[in-house]
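Chemist: Please find the sequence and the predicted model below.
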Amino acid sequence: MKMNSEEVARLQAADETVLRACLEAMKAAQTRDGPPDAALRMDRLTRLMVLLRDRADDFCAALDADFDGRARETSLMSDVMATFNTVKYARGRVRRWMKPERRDGV
């Protein structure tokens, strides 16, 4: 289905409105709740790892469609597994990264 420029502009404006509402909701939650503790961060990273593992084929199919033909193995290695390994690395270091550090006064 071909869309004219007015239809595209209307959809982009709607997407921007939805995105802005989502960002405002996240900002309000951050202001209300403060930064997440280590346990919540670990939980979120664990759930992301599960999502990447369980939906790897869906991500590969989406990348294939986006790139108009992309090998599943390429997407799996360069996008899904690379992200999984980065998340796994971060998950193993969350507590260490959150420890207070001593700083010299200026």
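Modeler: Thanks, I have the structure now.
Chemist: Pull the number of nearby residues for Leu52.
Modeler: With neighbours defined by other C-beta atoms under 10 Å, the count for Leu52 comes to 18. The C-beta positions use only the backbone N, C-alpha and C, and glycine is treated the same way.
Chemist: Let me fix that, I meant to ask about Met49.
Modeler: Residues contacting Met49 under the criterion other C-beta under 10 Å number 16.
Chemist: Mind giving me the packing neighbours of the helix or strand hosting it?
Modeler: Under the assignment given by DSSP states H and E, the secondary-structure element containing Met49 is helix 38-54. Judged by 3 or more C-beta pairs under 8 Å, 6 or more residues apart in numbering; DSSP states H and E, the packing partners of helix 38-54 are helix 82-91, helix 94-98.
Chemist: go with 10 Å
Modeler: For helix 38-54, the contact count by 3 or more C-beta pairs under 10 Å, 6 or more residues apart in numbering; DSSP states H and E identifies helix 56-66, helix 82-91, helix 94-98 as packing neighbours.
Chemist: Minimum distance to Arg20: which of these has it?
Modeler: Proximity to Arg20, assessed across the helices and strands packed on helix 38-54 by C-beta to C-beta, is greatest for helix 56-66 (24.2 Å).
Chemist: what's the spacing between that closest one and its chain's center?
Modeler: Taking C-alpha atoms, centre = their mean, to the nearest Å, one finds helix 56-66 lying 16 Å from the centre of the chain it belongs to.
Chemist: Give me the helices and strands touching that helix, please.
Modeler: Based on contacts counted as 3+ C-beta pairs under 10 Å, 6+ apart, the elements that helix 56-66 packs against are helix 38-54, helix 72-75.
Chemist: at 6 Å instead, please
Modeler: Of the remaining helices and strands, those touching helix 56-66 by 3 or more C-beta pairs under 6 Å, 6 or more residues apart in numbering; DSSP states H and E are helix 72-75.
Chemist: quick one: buried residues of the helix it packs on?
Modeler: The neighbour-count check on helix 72-75 (16 or more other C-beta atoms under 10 Å) flags Ser75 as buried.
Chemist: could you give the mean pLDDT of that helix?
Modeler: With pLDDT averaged residue by residue, helix 72-75 scores 94.
Chemist: Give me the helices and strands touching it, please.
Modeler: With 3+ C-beta pairs under 6 Å, 6+ apart as the test, helix 72-75 has helix 56-66 packed against it.
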